[in-house]
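1. curious how this folds, go ahead:
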Amino acid sequence: MFALAALALLQGSTSAAAEHRVTNIFRPLATPADAERNLALFVLAITAAIFVVVAALIVYTIVRFRRRAGDDTRQEPPQVYGSNQIEVAWTVIPILIVFVLIGVTARVIASVQNASPPPSTLKITLIGHQWWWEVRYPDFGVVTANEIHVPVSRVDGQPATYLRLESMDVIHSFWVPQLSGKMDLIPNRDNFLWIDPREPGIYLGNCAEYCGTQHANMLLRVIAQEPADFNRWASEQRKSAEDNPQLSEVKATFQSLSCVNCHMVKGTGAIGRFGPDLTHLMSRQTIGAGVLTNTSANLRAWVNDPQVAKPGCLMPSMKLTGDQLDQVVAYLQALK
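-> Now for the predicted structure:
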């Protein structure tokens with residue numbers, strides 16, 4: 001599914017790490033997801049016990065009081081008009097169960113949300129757009145899109161990556177099932193979340209709050225790397241786009257188009273902020289927020305008409321000529 005060259009570039013020595021394609025909440029690989037899995041199992045156990053008790057009483061009642069041969073159907077059975085003991089039981093027991101569930105849930109939520117990140121924690125600002133993710137690393141001066149690179153945690157239960165969640169338009173929701181529960185990105189409000197991936201690999205996620213036409217294609221991935229590999233990636237991402245004289249013509253074509261009004265390429269005249277930062281576009285595994293694998297053919301098709309792959313997305317078809325398209329794609333492929 002993913003280009004092997006891009007995977008090797010992004011993950012370095014972790015290229016052999018498993019890709020966690022199955023978004024299974026019952027196989028957590030981070031502390032928040034683990035706590036929520038345990039809570040889910042506890043709730044399922046309580047509700048399963050209630051189901052068994054109620055089903056057993058129904059079956060017993062059906063069998064014990066069924067109509068038998070020889071019963072006089074003209075005579076009513078004895079009528080029972082109430083039982084204080086039963087009424088107290090079916091009032092008090094559900095109340096106790098509800099309070100237990102509330103208490104356990106509140107404890108889990110508090111343990112996740114009130115965790116204090118140590119000074120060494122990686123800080124990331126994640127901004128939701130229709131329909132892509134902007135990823136900022138304020139301590140590194142790095143901006144990327146749709147892929148969150150983080151170091152693997154070596155200390156269980158301690159926040160390794162602290163996420164500040166914002167939205168530029170409507171309500172979105174961050175969800176990477178094997179790392180954490182859902183957390184909304186709300187306009188004019190900052191929410192916070194932390195993760196501590198235990199294994200190197202690629203963790204798939206998506207927007208979990210309906211946010212418009214392409215909500216289903218607002219995909220996300222967290223790429224957990226060994227600390228040395230993460231630092232190497234961050235160092236490469238801090239660099240500006242290389243000024244290659246051999247690309248002067250294709251660069252001039254790119255900068256002459258309205259692409260520069262929406263996209264940024266660090267170190268050039270492209271300073272737009274409406275769309276994803278393209279400075280290191282080819283270091284990413286996908287384009288279109290996970291809709292297409294980042295290959296030459298897919299990149300060309302995306303630039304030519306993004307509405308084909310992602311109808312309703314806010315990137316218009318530029319109606320480029322064949323020569324313009326060739327030059328723009330050639331320039332973008334040089335942004336590694």
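2. which stretches in the stretch 1-150 of the chain count as helices?
-> Counting by DSSP state H, counting those that start in this stretch, the segments of the stretch 1-150 of the chain that form helices are 4-11, 31-64, 84-113.
3. tabulate those helices (JSON lines), appending distance to Gln225 and mean pLDDT.
-> The C-beta positions use only the backbone N, C-alpha and C, and glycine is treated the same way. Shown next, in JSON lines, are these (distance: least, C-beta to C-beta, whole Å; pLDDT from 0 to 100):
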{"stretch": "helix 4-11", "distance to Gln225": "6", "mean pLDDT": "36"}
{"stretch": "helix 31-64", "distance to Gln225": "18", "mean pLDDT": "93"}
{"stretch": "helix 84-113", "distance to Gln225": "23", "mean pLDDT": "91"}
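4. now the helices for the stretch 151-300 of the chain?
-> Counting by DSSP H, counting those that start in this stretch, the segments of the stretch 151-300 of the chain that form helices are 227-237, 248-256, 259-262, 296-304.
5. for these, which one sits closest to Pro119?
-> With distances scored as C-beta to C-beta, the stretch of those nearest to Pro119 is helix 227-237 (15.6 Å).
6. now do the buried residues in the closest one.
-> Of the residues in helix 227-237, those scored as buried under the neighbour-count criterion (16 or more other C-beta atoms under 10 Å) are Asp229, Phe230, Trp233, Ala234, Gln237.
7. touching, the third one and His149? I think so.
-> So the one you mean is Trp233. Yes: assessed by C-beta atoms under 8 Å, Trp233 is found in contact with His149 at 5.4 Å.
8. send the alpha carbons of stretch 278-285 over as PDB?
-> The C-alpha coordinates for stretch 278-285 follow below in PDB (Å, rounded to 0.1, in the frame of the first residue of the first chain):
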ATOM      1  CA  LEU A 278       4.700  21.600   0.800                       C
ATOM      2  CA  THR A 279       8.400  22.100   1.900                       C
ATOM      3  CA  HIS A 280       9.000  18.400   2.300                       C
ATOM      4  CA  LEU A 281       6.100  17.000   0.400                       C
ATOM      5  CA  MET A 282       7.900  13.900  -0.900                       C
ATOM      6  CA  SER A 283       8.900  12.800   2.600                       C
ATOM      7  CA  ARG A 284       5.300  12.000   3.300                       C
ATOM      8  CA  GLN A 285       3.700   8.700   2.500                       C
END
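9. tell me the mean pLDDT for that stretch?
-> Stretch 278-285 shows a mean pLDDT of 92 in the predicted model.
10. other residues contacting that stretch?
-> Residues outside stretch 278-285 that contact it (C-beta atoms under 8 Å, 6 or more residues apart in numbering) are 2-3, 6-7, 9-10, 143-147, 202, 221, 233, 236-237, 239-241, 263-267, 270, 287, 293-294, 332-336.
11. just the buried members of these?
-> Judged by neighbour count, with 16+ other C-beta under 10 Å as the criterion, the buried members of those are 3, 6-7, 9-10, 143-147, 202, 221, 233, 237, 241, 263-266, 270, 287, 293-294, 332-335.
12. quick check: closest non-adjacent residue to Gly290.
-> Nearest residue to Gly290 in three dimensions, chain neighbours excluded: Leu219, at 2.9 Å (C-beta to C-beta, 6 or more residues apart in numbering).
13. and that neighbour, bridged to which residues?
-> Following DSSP bridges, Leu219 is listed with bridge partners Asn206.
14. contact partners for it?
-> Asn146, Leu204, Gly205, Asn206, Cys207, Thr286, Ala289, Gly290, Val291.
15. could you pull out the strands for the stretch 201-336 of the chain?
-> Taking DSSP state E, counting those that start in this stretch to define them, one finds strands in the stretch 201-336 of the chain at 201-207, 219-225, 286-287, 292-293.
16. reformat those as JSON lines; add distance to Ser180.
-> As requested, these are arranged in JSON lines below (distance: least, C-beta to C-beta, whole Å):
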{"stretch": "strand 201-207", "distance to Ser180": "9"}
{"stretch": "strand 219-225", "distance to Ser180": "10"}
{"stretch": "strand 286-287", "distance to Ser180": "21"}
{"stretch": "strand 292-293", "distance to Ser180": "26"}
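17. closest one to Pro138 among those strands?
-> Nearest of the strands of the stretch 201-336 of the chain to Pro138, taken as C-beta to C-beta: strand 219-225 at 18.0 Å.
18. tell me, how many residues neighbour His280?
-> Other residues within reach of His280 by the criterion other C-beta atoms under 10 Å amount to 22.
19. quick check: the gap between it and Gln333.
-> Remark: distance between His280 and Gln333 (C-beta to C-beta, to the nearest Å) = 12 Å.
20. nearest residue to His129 in space, please, no chain neighbours.
-> If the residues on either side of it in the chain are set aside, His129 comes closest to Met168, at 5.1 Å by C-beta to C-beta, 6+ apart.
21. the one you found contacts Trp131, correct?
-> No: taking contact to mean C-beta under 8 Å, the distance of 11.4 Å between Met168 and Trp131 leaves them out of contact.
22. more neighbours, these two?
-> Neighbour tally, Met168 and Trp131, criterion other C-beta under 10 Å: the higher count belongs to Trp131, 24 against 14.
23. was I right to think Met315 contacts Gly275?
-> Yes: because the distance of 6.5 Å satisfies C-beta under 8 Å, Met315 is recorded as touching Gly275.
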